[in-house]
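Participant: turn this into a model:
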Amino acid sequence: MTRALFALICLTFAVIARNSQAETLTVATVDRPPFSYEAEGEDTGFSMDLLAALAEELGWDYSVVRMDTFGDMLSAVENREADMAIANISITADREARMDFSQPIFEAGLQIMVPSDATRSPSLFQALLSRELFIAIGLAFAILLGGGMLMWGFERRSQPYFDRNLNEAWFPSFWWALNLVVNGGFEERMPRTPFGRILGVVLVVSSLFIVSVFTARITSVMTVDAITSNINSVNDLYGKKVGTISGSTAASFLNRREIEFVGYEDLDGMLAAFKDEGLDAVVFDAPILSYFAAHEGRKIATMTGGVFLRENYGILFPTGSPLDEDVNRVLLRLRENGTYDQIYRKWFGTRH
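Facilitator: Got it, this is the predicted structure:
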């Protein structure tokens, strides 16, 4: 009797274990190319390929549930509505306190993406088209023309060069003043009247300021354009229209640096705003932005600066999940046998 009871108990545990192994795991994810997205109705991406390799090693059956937002994915795991989650999930102290992470599966960080034309250096041609420079040039021409006509008024009866009627005098007078400023004037056309000589001295002295205005105006316009249009680092984000995803590690970083930003609910919303709403910059996970800039946004976006705030991605489990230990063991095996490197090269090229 005892032996029969013991055999029944063993059989029961065996059936439970077999059913447990055959159970279909629920894996939560979210659209984050190139880590997880749908292409032609199939789940694809770096994280999806890694999940498939893990499932093959561990003999899992699993179904992927694609959440609308990143926060929904995290909540599904925390509330035990999903057995695990995989995408580009940063390992943070706050998330670790509420759930369990696998060992890191990817090393990443944050980076800045800007519109393609924001990286172009201002040219001299652009500087010459500025409104301020046109005003400065107009004032200079007005001073030269006015000075020349005054000299015509003083010298018209004493200097043969100025002996012209008003309709013919304006250009020769302007030309005389221009040569005075640029070349120091004509030796044979030196003013002869007292007022003409005084005016000539005033024009020569003021010419130093006129030339300085031209030089300083061009330099200042180019410098201001460079400061206002180029974003090369985090320090250049202050005062700019910056976008990121609310609740992300990028949002936390920007808050700590006291950089104002517009928060979006999901990746699609943020990228749509970048294309349509004139964001000066987007701060988010470097591989996500790099993939967008190299594919869909290759004509409108470019990456700038280096990667900062290095962080690791991991696979997320509910607290105390028995899957965590098995996954960590197999992740080590995938790194040792080259499977991980093969998946990495498929999506990101050679590792540096």
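Participant: quick one: the residue nearest the centre of the chain from Leu271, how far?
Facilitator: In the chain, the residue lying closest to the centroid (Cα atoms, centre = their mean) is Met113, at 1.7 Å. With the distance defined as Cβ to Cβ, to the nearest Å, Met113 ends up 9 Å from Leu271. Bear in mind the C-beta positions are built from the backbone N, C-alpha and C, glycine included.
Participant: between these two, which contacts overlap?
Facilitator: Val282, Phe292, Gly297 (Cβ atoms under 8 Å, 6 or more residues apart in numbering).
Participant: min pLDDT across these, which one?
Facilitator: Model confidence across the shared contacts of Met113 and Leu271 bottoms out at Gly297, which has 88.
Participant: what's the helix or strand for that one?
Facilitator: Assessed by DSSP states H and E, Gly297 sits outside every helix and strand.
Participant: how close does it get to Leu237?
Facilitator: Gly297 is 19 Å from Leu237, by Cβ to Cβ.
Participant: wait, Trp60 touches Val27, no?
Facilitator: No - counting by Cβ atoms under 8 Å, Val27 is not a contact partner of Trp60; they are 9.1 Å apart.
Participant: quick one, which of the two is more surrounded?
Facilitator: Val27 (28 against 21; other Cβ atoms under 10 Å).
Participant: I'd say the more buried one and Met67 touch.
Facilitator: No - Val27 is not in contact with Met67 according to Cβ under 8 Å; the separation is 10.7 Å.
Participant: all strands of the chain, in order?
Facilitator: Assigned by DSSP state E, the chain shows strands spanning 24-30, 37-39, 42-44, 61-67, 84-85, 100-101, 106-115, 242-245, 262-264, 281-285, 301-313, 316-317.
Participant: including distance to Leu332, could those go into TSV?
Facilitator: Formatted as TSV, those follow (distance: least, Cβ to Cβ, whole Å):
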stretch	distance to Leu332
strand 24-30	20
strand 37-39	27
strand 42-44	24
strand 61-67	20
strand 84-85	18
strand 100-101	15
strand 106-115	15
strand 242-245	31
strand 262-264	37
strand 281-285	25
strand 301-313	15
strand 316-317	17
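Participant: of all those, which lies closest to Ile137?
Facilitator: strand 106-115 (30.5 Å; Cβ to Cβ).
Participant: where does the stretch 201-350 of the chain dip in pLDDT?
Facilitator: Applying pLDDT under 70 to the stretch 201-350 of the chain flags residues 204-211, 213-215, 217-229.
Participant: with the stretch 1-150 of the chain instead?
Facilitator: Low-confidence segments of the stretch 1-150 of the chain (pLDDT under 70): 1-22, 118-130, 132-133.
Participant: please enumerate the helices of it.
Facilitator: 2-22, 46-58, 70-78, 93-98, 124-128, 131-155 (DSSP state H, counting those that start in this stretch).
Participant: tell me which residues in the second one are buried?
Facilitator: This means helix 46-58. Phe46, Ser47, Met48, Asp49, Leu50, Leu51, Ala53, Leu54, Glu57 (16 or more other Cβ atoms under 10 Å).
Participant: of the residues you listed, closest to Phe154?
Facilitator: Phe46 (82.2 Å).
Participant: which residues sit in contact with the closest one?
Facilitator: Pro34, Phe35, Ser36, Phe106, Ile343, Tyr344, Lys346, Trp347, Phe348.
Participant: Throw those residues into a markdown table and include distance to Val202 and neighbour count, thanks.
Facilitator: As requested, those are exported to a markdown table (distance: Cβ to Cβ, whole Å; neighbours: other Cβ atoms under 10 Å):
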| residue | distance to Val202 | neighbour count |
| --- | --- | --- |
| Pro34 | 70 | 21 |
| Phe35 | 72 | 28 |
| Ser36 | 75 | 25 |
| Phe106 | 72 | 21 |
| Ile343 | 78 | 19 |
| Tyr344 | 74 | 18 |
| Lys346 | 76 | 11 |
| Trp347 | 72 | 18 |
| Phe348 | 69 | 15 |
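Participant: wait, which of those is closest to Asn328?
Facilitator: The closest of these, once distances to Asn328 are taken by Cβ to Cβ, is Phe106, at 14.8 Å.
Participant: was I right about the closest one contacting Asn312?
Facilitator: Yes - because the distance of 6.9 Å satisfies Cβ under 8 Å, Phe106 is recorded as touching Asn312.
Participant: my read: Met303 touches Ile112, true?
Facilitator: Yes - between Met303 and Ile112 a contact is recorded at 7.2 Å, counting by Cβ under 8 Å.
Participant: those two: which is more packed in?
Facilitator: Ile112 (26 against 17).
Participant: and Gln261, how many residues sit next to it?
Facilitator: You called it Gln, but residue 261 is Phe. Phe261: 23 surrounding residues under other Cβ under 10 Å.
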